[in-house]
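Undergrad: A structural model of the following input is requested.
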Amino acid sequence: MESEKFIFSHLPLENPHLLPPLALAYIGDAVYEVVVRKYLIAKGLVRANKLHRQAIKYVRAGSQAKILFALENKLTDEEVAVVRRGRNAKSGHVPKGSRVMEYRHSTAFESLIGYLYLKGDLARLNEILEIAHGVIEE
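TA: Numbering: from 1, shown residues only. Model (predicted):
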């Protein structure tokens, strides 16, 4: 059996829909964070303090919940199923400053991002990220 290599890859996994929703959210959180950080640096922000303050606008639970609501009528049936599983997943804790349902919707958004990334559907992932950017910037 060939072991997995510890390298960066965007090759799809065979069955990302079989992963637990919190595993999808875990990778989705990381992917979204990298996209936000890259965007902010490309905008010319280079000071760590300012980068952090600006990134919070995108990654806090309330913002991600708002993005998810904007996506409601734009998702495929498959994506809706992933979002539903992510929203219903119990993580065991809610970060300070977030409401329970807001955090659940945030987890659902991150599950969707993780699912699309692991599936290898980068075109659809970019569509979702463009919508997310528009929601935050409005």
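
Undergrad: count the residues that sit near S98.
TA: Counted with other CB atoms under 10 Å, the neighbours of S98 add up to 17. C-beta coordinates here come from the backbone N, C-alpha and C atoms, glycine included.

Undergrad: over to P12?
TA: 14.

Undergrad: quick check: it touching Y115?
TA: No: when contacts are counted by CB atoms under 8 Å, P12 is not listed as touching Y115 (10.6 Å).

Undergrad: determine the number of other residues adjacent to Y103.
TA: The number of residues near Y103, taken as other CB under 10 Å, comes to 20.

Undergrad: wait, V100
TA: By the criterion of other CB under 10 Å, V100 has 9 neighbours.

Undergrad: what are the phi and psi values for it?
TA: Main-chain torsions, V100, degrees, to the nearest 10: phi -60, psi -50.

Undergrad: report pLDDT for the residue positioned nearest the centre of the chain.
TA: In the chain, the centroid-proximal residue (CA atoms, centre = their mean) is E110; its distance is 3.1 Å. With respect to pLDDT, E110 scores 97.

Undergrad: which parts of the helix or strand harbouring it are buried?
TA: Secondary-structure assignment from DSSP states H and E places E110 in helix 100-119. Neighbour-count burial for helix 100-119 flags 102-119 (criterion: 16 or more other CB atoms under 10 Å).
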